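In: Fold the following.
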Amino acid sequence: MGLGILADGINEIIATTADPATGKPNAAPMGIICRNGRIMLRLFHGTQTERNIRESGWVVANLTYDPMVYVRSAFGDLPEDAFSEIPDGGMPMHRLTDCEAWEAFTTTIVSDTRETLVVELTPVASAILNLRPHSHNRAFAGIIEATVHATRYVVTRDPELWVLIEQAGEVVRKCGGKEHVEALEILLERCQE
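Out: Predicted structure coming up:
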């Protein structure tokens, strides 16, 4: 199952893709599902990531422990210098410049419903750049959790999601460093826009 950077279950990563027409790279937090020997990605219709994958047929999973990257890529575009090109067999792909490791995949559509596109991922290349041990950090986990809820909250304005964001925010404030708290503040601002 893959080249080694993903574990069984749902892996929270930053997915990088590019618009085939313009070559402009994009990044977004995603959960890659690894179960029963298959690697899958479920994408909501209408997102830039869904369009790019549908048109290009590839995605790169990036491992990073930078909480700001998760928040910024969930609510907007990263600067152009945040990306580096990965040439693979003539098909240019992009990874995060400052990621610790990455794995590139080709994609095959397995389901296309009214709401979601599901693709199966086939690994084609990977690299470990600067992977170092990380202890489990509750604040980082809180940022991931808050980001997942916030991306849904900005669409639905469901008050139950706001409660979950606030609960995750409490953990971030109690357990996090300066970078975690700053990422949380940006996330909360984006939710109020």
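In: for this structure, what spans make up the strands?
Out: Assigned by DSSP state E, the chain shows strands spanning 9-18, 25-35, 38-44, 58-63, 83-88, 91-96, 101-112, 116-128.
In: now the angle between strand 101-112 and the third one, please.
Out: Same thing as strand 38-44. 70 degrees (axes from the mean of the first three to the mean of the last three C-alpha atoms, to 10 degrees).
In: Quick check: buried residues in strand 38-44?
Out: 39-43 (16 or more other C-beta atoms under 10 Å). For the C-beta atoms, the positions are set from N, CA and C on the backbone; glycine is no exception.
In: so what's residue 153 up against?
Out: Contact criterion C-beta atoms under 8 Å, 6 or more residues apart in numbering gives 161-162, 165, 191 as the residues in contact with residue 153.
In: out of those, who has the most neighbours?
Out: When neighbours are counted by other C-beta atoms under 10 Å, residue 165 leads those with 23 neighbours.
In: surely it meets residue 191?
Out: Yes - counting by C-beta atoms under 8 Å, residue 191 is a contact partner of residue 165 at 6.7 Å.
In: any idea of the mean pLDDT for the longest helix seen in the chain?
Out: Of all segments of type helix in the chain, defined using DSSP state H, the longest is helix 138-156. For helix 138-156, the per-residue pLDDT values average out at 95.
In: just the angle between it and strand 9-18, please?
Out: Calculated by the same axes, to 10 degrees, helix 138-156 forms an angle of 60 degrees with strand 9-18.
In: Residue 83 and residue 140, how far apart?
Out: For residue 83, the distance to residue 140 equals 22 Å [C-beta to C-beta, to the nearest Å].
In: Please apply the same query to residue 84.
Out: In this structure, residue 84 and residue 140 are 23 Å apart, going by C-beta to C-beta.
In: and those two? which has more neighbours close in?
Out: Neighbour tally, residue 84 and residue 140, criterion other C-beta under 10 Å: the higher count belongs to residue 140, 24 against 16.
In: Can you report how many residues neighbour residue 18?
Out: As a measure of burial, residue 18 has 22 neighbours, counting by other C-beta under 10 Å.
In: I'd guessed it sits against residue 52; true?
Out: Yes - Residue 18 is in contact with residue 52 according to C-beta under 8 Å; the separation is 6.1 Å.
In: shared neighbours of the two, which are they?
Out: Counting by C-beta under 8 Å, 6+ apart, the residues touching both residue 18 and residue 52 are residue 26.
In: check contacts around the most centrally placed residue in the chain.
Out: Residue closest to the average C-alpha location in the chain (C-alpha atoms, centre = their mean): residue 29, at 2.0 Å. By C-beta under 8 Å, 6+ apart, the contact list for residue 29 reads 12-15, 70, 73-74, 144, 147-148, 151.
In: Please enumerate the shared neighbours of residue 165 and residue 191.
Out: Taking C-beta under 8 Å, 6+ apart as the contact rule, residue 165 and residue 191 both touch 150, 153.
In: No further queries at this time; thank you.
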